[in-house]
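> what shape does this take:
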Amino acid sequence: DVNSVNVQGRYPLSIAAAMGDEDLVRLLLFWGADVHARDDMGRTALHRAAGCGMTGVVKILLEKGADREVKDFTEKTAL
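Residues are numbered from 1 along each chain as shown. Model (predicted):
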């Protein structure tokens, strides 16, 4: 399940986004990963990618409809 959560409350798309793995991000999205899913901190994959400086992944996620205005539990947006 591409939307399963690990013991730390993170899901594959979020992990791939933080690592900057553009190919894996594209593959997960192709297989139905939820671009709007939130982790245990209320962060989306866009939050993770932007926070790690992964601009290529940020671009991919925005092209796939990631919401740049969504706030995490600390009221911060990804961008």
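
> how close does residue 44 sit to residue 52?
Distance of residue 44 to residue 52, computed by Cβ to Cβ, to the nearest Å: 13 Å. (C-beta placed from N, C-alpha, C; glycine too.)

> more neighbours, those two?
residue 44 (27 against 14; other Cβ atoms under 10 Å).

> what residues are up against that one?
Contacts for residue 44 (Cβ atoms under 8 Å, 6 or more residues apart in numbering) come out as 14, 35-38, 61, 66-67, 70, 72, 78.

> let's go with 10 Å and repeat that
11, 13-14, 17, 34-38, 50, 61, 66-68, 70-72, 77-78 (Cβ atoms under 10 Å, 6 or more residues apart in numbering).

> got it, and residue 11?
Per Cβ under 10 Å, 6+ apart, neighbours of residue 11: 1-5, 17, 28, 33-34, 37-39, 44-45.

> 6 Å - rerun?
3, 5, 37 (Cβ atoms under 6 Å, 6 or more residues apart in numbering).

> got a ChimeraX select line for the buried ones in those residues?
One line in ChimeraX is enough to select the buried ones among those; burial here means 16 or more other Cβ atoms under 10 Å:
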select :37
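
> got CSV for the contacts of residue 11, with pLDDT, secondary structure and distance to residue 57 too?
Putting the contacts of residue 11 into CSV (pLDDT from 0 to 100; DSSP: H, G, I helix; E, B strand; the rest coil; distance: Cβ to Cβ, whole Å) gives the following:
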residue, pLDDT, secondary structure, distance to residue 57
3, 95, coil, 18
5, 93, coil, 19
37, 96, coil, 15
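
> now the buried members of the contacts of residue 44.
Buried among the contacts of residue 44 by 16+ other Cβ under 10 Å: 11, 13-14, 17, 35, 37-38, 50, 61, 66, 70, 72, 78.

> quick one: low-confidence parts of the chain?
Along the chain, no part satisfies pLDDT under 70.

> number of residues surrounding residue 23?
When neighbours are counted by other Cβ under 10 Å, residue 23 comes out with 8.

> how about the helix or strand containing it: buried residues?
For residue 23, the host element (DSSP states H and E) is helix 22-30. For helix 22-30, a neighbour-count test (16+ other Cβ under 10 Å) marks 22, 24-25, 28-29 as buried.
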